[in-house]
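> take this sequence and fold it.
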Amino acid sequence: MQNFVLHNPVKLVFGRGTIAQLPGLLPPNARIMMTWGGGSIKANGVYDQVRRALQGRDVVEFCGIEANPQYATLMKGLAAARQERVDFLLSVGGGSVLDGTKFIAAALEHPGAEPWDILEKGAAVNGAVPLGAILTLPATGSEMNGNAVISRAEKTQKLAFASDHVMPRFAILDPETTFSLDARQTVNGIVDTMVHVFEQYLTKDVGNPLNEGIAEAILRVTIDNGRLVLSRPRDYDIRADLMWTATMALNGLIGANASQDWASHQIGHELTAFHGLDHGQTLAVVCPNVLRYKKDAKRTMLARYARRVWDVDDPDDARAALLGVDRTVDFWDSIGVRTELSEYGVTREHFDEIAERLGGGDRRMGEDGDLAKADILKILEMCL
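Below is the predicted model of the structure:
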């Protein structure tokens, strides 16, 4: 085994009715800013549950954080937080609301004049206002990690940052809050969960049997419940399993002592920035083609995945590896996720710019750092 450090301080509160536990999780006498999105939490009753739990507390609200949270919106949230002198942030919504809240938390402690430097220039995050989360959409795993992804429309950018300082102090996950999710949100979350696992598990590394077994269990449970959830959207056990697998996919556990890739996510972020595709949609297009392009380097783990998750019985590793990718695509197709860029009306128009951003000059991507501009262009062509 390689050396590694695993530290996750997030207190996870999981289950039916757990929003009512919010008062005991918040710091006493905090000035709280509750952040949320476009109004779905009012339609599904979550807003009322949260406000009841916050009764008697010092609370202001900031709403309107969108999917693929926009820098311009978050700067308004930052200004509001400063004006109101808040000292605790409470995110209520999906991963996008939480990612945006993490950025506000970091920006409140950022010493520079331009908080975008945290994302574009990798400016250090040396502190953040503490935050908590009430999750209503399982997908990103943001509720139990220090990662966030933010978009900036005027620059056609979607960039990420990571810091332990923005890990939530607590996260409340009540599967009943996901009953009202529509099919598109649900299947995007399934894809996101699976690709989070792939980026840490379908690598060149072997010989990490515990992590590999956990990764395979997350995938099997996600697939089994993904086959059922669209016809049984209010089944508590199905929704609970999907909520828990999404968290487990990116809370640091399976990434410990593992080579990691993230090329599919980086290319996917660019497709979202240029074309506005959902994050899950980009991953469903890009990830299978990254795996096909890197099939030789990833052959051992791809073949293992095919056999242990999809029950492929072909003894030849090369054939089994590609069959595993094909089964994945077939599954995503079966739950209504399109897996080719042409199905979204995307052309080659921005391919060169995307490839230049990610692999031009001395820049490289992938677990081996060997994906240059020409490689990224080939992958994008495969995605059509």
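> measure the nearest residue to residue 167 once chain neighbours are set aside to residue 9 for me?
Sequence neighbours aside, residue 146 is the residue nearest to residue 167 in space, at 4.4 Å (criterion: CB to CB, 6 or more residues apart in numbering). C-beta: built from backbone N, CA, C; applies to glycine. Going from residue 146 to residue 9 by CB to CB, to the nearest Å gives 10 Å.
> comparing those two, which shows the higher neighbour count?
The neighbour comparison of residue 146 against residue 9 (other CB atoms under 10 Å) goes to residue 146, with 21 against 11.
> so the more buried one touches residue 163, yeah?
Yes. Residue 146 lies in contact with residue 163 (CB atoms under 8 Å); the separation is 5.1 Å.
> before we move on, back to that, any residues in contact with both of residue 146 and residue 9?
Listed contacts common to residue 146 and residue 9 are residue 167; contacts here mean CB atoms under 8 Å, 6 or more residues apart in numbering.
> report the central residue of this structure.
For the chain, the residue sitting closest to the mean C-alpha position, by CA atoms, centre = their mean, is residue 140 at 2.5 Å.
> and for the closest residue to that one other than its chain neighbours, the neighbour number?
The spatial neighbour of residue 140 that comes closest, neighbours along the chain excluded (CB to CB, 6+ apart), is residue 95 at 2.9 Å. Neighbour count of residue 95, defined by other CB under 10 Å: 28.
> got a list of what the nearest residue to residue 136 once chain neighbours are set aside touches?
Excluding its sequence neighbours, the residue lying closest to residue 136 (CB to CB, 6+ apart) is residue 177, at 4.4 Å. For residue 177, the contact set (CB under 8 Å, 6+ apart) comprises 19, 44, 46, 134-136.
> what do you get for residue 152?
By CB under 8 Å, 6+ apart, the neighbours of residue 152 are 70-72, 116, 119, 158-159.
> one more pass at 7 Å, please.
Applying CB atoms under 7 Å, 6 or more residues apart in numbering, we find residue 152 in contact with 70-71, 116.
> the strands in the stretch 101-250 of the chain, which residues?
131-135, 147-152, 157-162, 170-173 (DSSP state E, counting those that start in this stretch).
> and among those strands, the most buried is which?
strand 131-135 (a mean of 28; mean count of other CB atoms under 10 Å).
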